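Participant: coordinates only, sequence not included:
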């Protein structure tokens, strides 16, 4: 295909004098409002590092693994709403970043990843530290670029930021050959904010007719539910505010996916808790038994729907999403609405108020009565033996962490790794504000939490940032403890240490006859000594009487801390929808008389076994 | 789901894209990555002034899958517009170069059939012909099938280029 590049969007001012590519790059980043870059140097990016050395506007955070750089950028982005920026070198630098990029793609996090590349005349020659970065990352990013001329560099950077943050946010990669960084060219300023991109123009405003249809459906509902997801978080704090206003105006129950927690306050009586595979009993039953479902910014992920042909069989569904390819992908819906979650919620509110139809108050009251009955089951109940020396239940550890941080009124940000501890954090740490919860939902990347916490702490230097981790996950990016030490980031690593890869062990107990193949965390390091080796502080709680004290000390210390919380090894995460089961068939666990045996779920089949 | 919803159908989709390096790889990567079928794919620059290229894809799937494919294509950054030509009257043509190596009776028969199908002879030796044929996929398939018994040696096909009838443009 033709190699020429398209005509530029006219710049806001005339281009100025020539400068080296690396200087142009930094100027473009600065013009995009970048304050922090997470990166790791290498041969191909030395010109950029030289330019960084000579300026003060942008701060560079040196990570210890390129994957961590991307996760840190993700944590930064999710906790601030800004675009996270990564700088890595060619070859292994870029390939190490791929996991982070796919993670950002799955969770729709705006990240711009700058990768070095060998000079243009060596591309395709198997040069030292060369990789086909654009080829490898094409399916791993929302979009990627290879800059072939220095004149295009500034324009591409501005466009990359636009693509990363517009429509459904996502990771954008810019591959920068070394000769482009050295060659001189004029600078092209960012296009004016109202300038329209030639081909990529996501629809932000919802269609008025669809909004009217949605409101008519909602007003006629007898058993409604509002199901929200990460799209509300991505649409900014205004969208969360609009959601709260709308839920309260309608009086409807509200539930949230893992990625949407915090958009609606957890402690509000209209909130049902998280839904899905480890969601609450009431949230899943409401979704199953509703007659009208309003989905705002969620994507009917398989963790939420359970078996698709048994998902919410009797309901009419309204789906608001900024990405039209998410609509009617898994679940056919009745009223599709493409648009930004915040604008759509505002439009719904206006249409709701303008429409004088009254809701069916008796039906709604009966629905809430039924919901309260389901809530009465108290599906998240667990029993913690409080005698001195008793083993700590992991749920209790998270609950105490939540209670104490709440009592201290500290602005707290939580990141997690992946597994049982992640589910317990989602269940027991009740988020009342958006952008406080950073977790790897779509890809489920172990090793996400510690670097993400780093990114959050950089963005919020005075806040309390806690990585709730498992002892298996924390080892995946443990080297970032060094970054915490270098930049004096007082991140708290709260390890729920159950000596197993908990979620894998739970599935092996349920589906594979208790054959715990390779899920035991053998040869664990002494985490207290490990913290010390990384110039942090290590704490340990071995029994319930030690827990509160360790939590308080962890929070009070102005340094990185690893708190090794030894918890019950065989505790399982409930409720649970086993894979292949419908979302109203949940296993509730020993507190409620059921237990995790093979076939405990009525619908366990080979098909279910084949699902992740 | 109703039985019609589960039926596979063919769809001819045209995609107007920025003529930029990587767009073809991105589109084909989209299809292979998500397991969609590519029955035919053609691409060429169509408007150098505006730097547009056009990709024509023939794919197949259920109604829901075809809608997904269109939505996935539409959200690519370098895609301007897509058109599902199979939704309305359209023209779909492909071109084939067909080499037949034969002598005697078979050679004569091949030439006669080529006339009947309105294929042109673009190469001739005493032992072979190359026919150039333009038409719908079924017409090309029929002719090639006939040539199989008459010394068909090699086929080179372009894939389908398609355009909507009437005044509508992509």
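Facilitator: Structure received. Just so it is clear, the structure is predicted and the values come from calculations on it, not from any experiment. Numbering: from 1, shown residues only, chains lettered A, B, ... in the order given.
Participant: so where is the chain shaky, pLDDT-wise?
Facilitator: Since you didn't name a chain, this refers to chain A. For chain A, the stretches with pLDDT under 70 are A:1-16, A:595-608.
Participant: ah, I was thinking of chain B
Facilitator: Along chain B, the parts satisfying pLDDT under 70 run over B:1-4.
Participant: from it, which residue is nearest to chain A?
Facilitator: In chain B, the residue that lies nearest chain A is residue B:71 (3.6 Å; CB to the nearest CB). Bear in mind the C-beta positions are built from the backbone N, C-alpha and C, glycine included.
Participant: chain neighbours aside, what residue packs nearest to that residue?
Facilitator: Spatial nearest neighbour of residue B:71, excluding adjacent residues (CB to CB, 6 or more residues apart in numbering or on different chains): residue A:325 at 3.6 Å.
Participant: for the one you found, which residues are in contact?
Facilitator: The neighbours of residue A:325, taking CB atoms under 8 Å, 6 or more residues apart in numbering or on different chains as the test, are B:68, B:71, B:72, B:74, B:75.
Participant: tell me the spacing between the second one and residue A:202.
Facilitator: Using CB to CB, to the nearest Å, residue B:71 is found at 12 Å from residue A:202.
Participant: what's the answer for residue A:182, then?
Facilitator: From residue A:182 to residue A:202 the distance is 36 Å (CB to CB).
Participant: same check, this time on residue B:8
Facilitator: Applying CB to CB to residue B:8 and residue A:202 gives a distance of 31 Å.
Participant: tell me which of those two has more neighbours.
Facilitator: Set side by side, residue B:8 and residue A:202 show more neighbours around residue A:202, with 16 against 11, by other CB atoms under 10 Å in any protein chain shown.
Participant: show me which residues of chain B are close to chain A?
Facilitator: Chain B comes close to chain A at residues B:17-26, B:29, B:33, B:43, B:45, B:48, B:51, B:53, B:64, B:67-68, B:71-72, B:74-80, as judged by CB under 8 Å from any CB of the partner chain.
Participant: strands - which of these land there?
Facilitator: Among these, the residues falling in strands (DSSP state E) are B:17, B:18, B:43, B:45, B:53, B:79, B:80.
Participant: show me what contacts the third one?
Facilitator: In other words, residue B:43. Residue B:43 makes contacts with A:1, B:24, B:53, B:54, B:55, B:56, as judged by CB under 8 Å, 6+ apart.
Participant: what pairs with it across the strands?
Facilitator: Listed beta-bridge partners, residue B:43: residue B:55 (assigned using DSSP bridges).
Participant: what sits closest to residue A:259 if chain neighbours are left out?
Facilitator: In this structure, residue A:259 finds its nearest non-sequential neighbour in residue A:230, 3.2 Å apart by CB to CB, 6+ apart.
Participant: so the one you found is in contact with residue A:441, correct?
Facilitator: Yes. Between residue A:230 and residue A:441 there is a contact under CB atoms under 8 Å: 7.1 Å.
Participant: where exactly do the helices run in the stretch 51-200 of chain A?
Facilitator: Using DSSP state H, counting those that start in this stretch, the helices of the stretch 51-200 of chain A run over residues A:66-80, A:92-107, A:133-137, A:153-165, A:178-182.
Participant: following the longest strand belonging to chain B, which helix or strand shows up next?
Facilitator: The longest strand of chain B (DSSP E) is strand B:90-101. Using DSSP states H and E, the helix or strand that follows strand B:90-101 towards the C-terminus is helix B:104-116.
Participant: buried residues in that following helix, which are they?
Facilitator: Neighbour counts over helix B:104-116 (16 or more other CB atoms under 10 Å in any protein chain shown) mark B:107, B:109, B:110, B:111, B:113, B:114 as buried.
Participant: which residues touch the third one?
Facilitator: Taking CB under 8 Å, 6+ apart as the criterion, residue B:110 is in contact with B:100, B:102, B:129, B:147, B:150, B:151.
Participant: redo those as CSV? Include distance to residue A:174.
Facilitator: Compiled in CSV, the contacts of residue B:110 are given as follows (distance: CB to CB, whole Å):
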residue, distance to residue A:174
B:100, 52
B:102, 57
B:129, 52
B:147, 51
B:150, 56
B:151, 54
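Participant: how much space separates the closest residue to chain B within chain A from residue A:102?
Facilitator: The nearest approach of chain A to chain B comes at residue A:325, 3.6 Å away (CB to the nearest CB). Using CB to CB, residue A:325 is found at 17 Å from residue A:102.
Participant: tell me which of residue A:230 and residue A:441 has more neighbours.
Facilitator: residue A:230 (27 against 24).
Participant: residue A:20: neighbour count?
Facilitator: A count of nearby residues for residue A:20, using other CB under 10 Å, gives 17.
Participant: who's it bridged to?
Facilitator: Residue A:20 has the following beta-bridge partners by DSSP bridges: residue A:184.
Participant: list the residues that contact residue A:352.
Facilitator: Counted by CB under 8 Å, 6+ apart, residue A:352 has contacts A:215, A:218, A:219, A:246, A:249, A:250.
Participant: swap in 10 Å and give it another go.
Facilitator: Residue A:352 sits next to A:211, A:214, A:215, A:218, A:219, A:246, A:249, A:250, A:359 when contact means CB atoms under 10 Å, 6 or more residues apart in numbering or on different chains.
Participant: just give the nearest non-adjacent residue to the fifth one, would you?
Facilitator: The shortest distance from residue A:219 to any residue other than its chain neighbours is 4.5 Å, reached at residue A:357 (CB to CB, 6+ apart).
Participant: and if you look at the last one?
Facilitator: With sequence-adjacent residues excluded and distances taken as CB to CB, 6+ apart, residue A:359 is closest to residue A:219, at 5.7 Å.
Participant: count of neighbours near that neighbour?
Facilitator: For residue A:219, the number of neighbouring residues by other CB under 10 Å comes to 18.
Participant: just checking, it touches residue A:250?
Facilitator: Yes. Residue A:219 is within contact range of residue A:250, at 8.9 Å (criterion: CB atoms under 10 Å).
Participant: ok but residue A:504 is inside a strand, no?
Facilitator: No. Secondary structure assignment (DSSP: H, G, I helix; E, B strand; the rest coil) places residue A:504 in helix, not in a strand.
Participant: residues in contact with it?
Facilitator: Contact analysis of residue A:504 by CB under 10 Å, 6+ apart lists A:419, A:420, A:472, A:512, A:516, A:517, A:518, A:519, A:520.
Participant: which residues does residue B:158 contact?
Facilitator: Here residue B:158 is in contact with B:40, B:42, B:44, B:93, B:94, B:95, B:96, B:97, B:134, B:140 (CB under 10 Å, 6+ apart).
Participant: hmm, try it at 8 Å
Facilitator: Per CB under 8 Å, 6+ apart, neighbours of residue B:158: B:42, B:94, B:95, B:96.
Participant: do residue A:163 as well
Facilitator: Per CB under 8 Å, 6+ apart, neighbours of residue A:163: A:142, A:143, A:170, A:172, A:200, B:77.
Participant: do the same with residue A:344
Facilitator: A:206, A:211, A:296, A:320, A:337.
Participant: kindly recompute the last result at 6 Å.
Facilitator: By CB atoms under 6 Å, 6 or more residues apart in numbering or on different chains, the residues touching residue A:344 are A:206, A:320, A:337.
Participant: can you give me the distance of it to residue A:243?
Facilitator: Separation of residue A:344 from residue A:243 (CB to CB) stands at 10 Å.
Participant: hmm, residue A:321 is touching residue A:327, no?
Facilitator: Yes. At 5.4 Å, residue A:321 counts as touching residue A:327 under the criterion of CB atoms under 6 Å.
Participant: sec struct for the residue nearest to residue A:166 when sequence neighbours are not counted, please.
Facilitator: Closest residue to residue A:166 apart from its sequence neighbours, by CB to CB, 6+ apart: residue A:202 at 5.7 Å. State at residue A:202, reduced to three classes by three-state DSSP: coil.
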